[in-house]
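Need the 3D shape of this:
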Amino acid sequence: ETTTADLSLSYRTYGYGDFEGNVDYECPAPSGSLVVFAGVCVGICLCGLVGNGIVMWSLGFHIKQNPFNIYILNLAVADFSLLLMFFLLLLAVLLLLSFCLHNFISFYRDFVFTVELLCHFFDLSSLGLLTAISVEQCVSVL
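Model (predicted):
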């Protein structure tokens, strides 16, 4: 009986091969200073989210609209969005460190890139709105 399969091709491996070896990955415990810093940042983010939410609620629904209130409302929305993105980033870092989810690092890198891009956008929006408010106040004084 003859075999038509080329047996030399069946034993080739490309890239990294797992040869049933047990590789123990030890997850480093987060340092105490990192946990304290992240806790303080989460507390500040939550206070900022509540404060900006109150400003958005009151300016959006209860106070008569004028151009200055619209600037402040837009500034509150930009700051709220920035704090929300930073809060999500902090929670993702704490989740990755505390549960040692090293399998999700590629997803985490994409998530961090997206959140950082949005943080920069909202930060620049806030600064632009602050500049517009300042210029309008200076022009009104002149």
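
do you know how far S126 is from V77?
9 Å (Cβ to Cβ, to the nearest Å). Every residue, glycine included, has its C-beta placed from N, CA and C.

Setting the sequence-adjacent residues aside, check what's closest to D79.
Spatially, and ignoring its direct neighbours in sequence, D79 is nearest to N52 (5.2 Å; Cβ to Cβ, 6 or more residues apart in numbering).

residues in contact with the spatially most central residue of the chain?
Nearest to the mean C-alpha position of the chain, counting by Cα atoms, centre = their mean, stands L89 at 3.1 Å. By Cβ atoms under 8 Å, 6 or more residues apart in numbering, the contact list for L89 reads 112, 115-116, 119.

Keep only those of these that are in helices.
112, 115-116, 119 (DSSP state H).

follow-up on the earlier one: could you give the average pLDDT over the host helix or strand of the residue nearest to the centre of the chain?
Assigned by DSSP states H and E, L89 belongs to helix 67-99. On average, the pLDDT along helix 67-99 is 81.

same question, stretch 121-129
86.

buried set for that stretch?
Across stretch 121-129, burial judged by 16 or more other Cβ atoms under 10 Å covers 122-123, 125-126, 129.

Next, count neighbours for M85.
Per other Cβ atoms under 10 Å, the neighbour tally for M85 reads 21.

show me the contacts for it.
Counting by Cβ under 8 Å, 6+ apart, M85 has contacts 115, 118-119, 122.

which of those residues tops the neighbour count?
F122 (20 neighbours).

which one is that one nearest to, not counting chain neighbours?
F122 sits nearest to L82 (Cβ to Cβ, 6+ apart), 3.9 Å away.

Check which helix or strand V135 maps to.
Going by DSSP H and E, V135 is part of helix 105-141.

Now do that helix and helix 67-99, the angle between them.
160 degrees (axes from the mean of the first three to the mean of the last three Cα atoms, to 10 degrees).

Tell me the spacing between T114 and L88.
In terms of Cβ to Cβ, T114 sits 10 Å off from L88.

more crowded one of these two?
With neighbours defined as other Cβ under 10 Å, T114 and L88 compare such that L88 has more, 15 against 12.
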